[in-house]
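Participant: For reference, the sequence and a predicted model appear below.
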Amino acid sequence: MTAEPPAGPGPLRHVEHVMGTVFSFDVRDVAAADRPRVRAALDGAVAGLHRVDELFSTYRRDSQISRLGRGELTLSRCDPEVREVLRMCEVAEHRSGGWFSARYGGRRLDPTGLVKGWAVERAARMLVSAGAGSVCVNGGGDVQVHGGPWRVGIADPLRRGELAAVVAAHGELAVATSGPAERGRHILDPRTGLPPARGPASVTVIATSLADADAWATAACAMDAERARPWLGRLSDAEAFVVTADGSTWHTSGFARYAAGLCV
């Protein structure tokens, strides 16, 4: 997923490698008087991403989420951010009927299906609160925008370097994509701990909150295609665009109001 910024003078841009992926910031419409405060917020947002990695990385044995999963740390002794994210995971699990879970197959604790979206959303709001009028934060292809207008490209999972669709984004909007194209079949059926037998090639969800969009896209990828389509259609606060394993596409009824172009 790529984001194309609107025209305008004096943007603040930054790229950071953290959490095993690339985060990019594009900050626009900043008044001269607000610029020092927004720049400081950008520094704080970047530091916050590194703190999230320290807390939540499942690849770091000393992270709080790893220690919690091994029983070496109790939830009450974890940082508030860990408790917040795990509460959000519980809500997402309930709303998805169990298809989103921070424990796949009842095994290893892993909230990464939500935490990256939550971190990007939080970073974007820090910049808006500091006075930025237009913000796009892209974390490994999951995008949270404020202001705009912005155009967000949805990568074609079956044709590298090409787009499957383009979303016109304005105001507070989030676009999250999940699927096996970049990382292989890493999304698991929570009931079995195995990849779904007939999962989609990619699921893109549009919502106001990137934490929600990330969780719903992950849940839909954990389902087989027959379950994902009606479930996504019932979400009252999100729209979806899906590329199937055979390259065909479908989308929920409200997706059209965001579509700036369908490329497949």
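Facilitator: That came through fine. Fair warning: this is a prediction, and the values are worked out from it, not measured in the lab. Numbering: from 1, shown residues only.
Participant: where are the low-confidence patches of this structure?
Facilitator: Within the chain, the ranges that satisfy pLDDT under 70 run 1-9, 104-106, 180-185, 261-264.
Participant: What lies in contact with stretch 51-67?
Facilitator: Contact with stretch 51-67 is made by 18-20, 69, 73, 78-79, 81-82, 85, 108-112, 115, 119, as judged by CB atoms under 8 Å, 6 or more residues apart in numbering. Bear in mind the C-beta positions are built from the backbone N, C-alpha and C, glycine included.
Participant: out of these, which are inside strands?
Facilitator: residue 18 (DSSP state E).
Participant: Quick one, which of the contacts of stretch 51-67 are buried?
Facilitator: Among those, those classed as buried by 16 or more other CB atoms under 10 Å are 18-19, 69, 73, 78, 81-82, 85, 109-112, 115, 119.
Participant: And the residue nearest to the spatial centre of the chain, which helix or strand is it part of?
Facilitator: Of all residues in the chain, the one closest to the mean position by CA atoms, centre = their mean is residue 117, 3.5 Å from it. Using DSSP states H and E, residue 117 maps to helix 112-129.
Participant: which element follows that helix toward the C-terminus?
Facilitator: strand 134-139.
Participant: Run the chain-centre distance for that following strand.
Facilitator: 12 Å (CA atoms, centre = their mean, to the nearest Å).
Participant: Relative to it, what are the paired strands and their orientations?
Facilitator: Here strand 134-139 is paired, per DSSP bridges, with strand 21-28 (antiparallel), strand 142-146 (antiparallel).
Participant: my read: residue 203 touches residue 238, true?
Facilitator: No - under the criterion of CB atoms under 8 Å, residue 203 makes no contact with residue 238, lying 10.8 Å away.
Participant: Show me which positions of stretch 118-131 end up buried.
Facilitator: 118-128, 130-131.
Participant: what angle sits between the helix or strand hosting residue 91 and helix 112-129?
Facilitator: Taking DSSP H and E as the criterion, residue 91 maps to helix 80-95. In terms of direction (axes from the mean of the first three to the mean of the last three CA atoms, to 10 degrees), helix 80-95 departs from helix 112-129 by 120 degrees.
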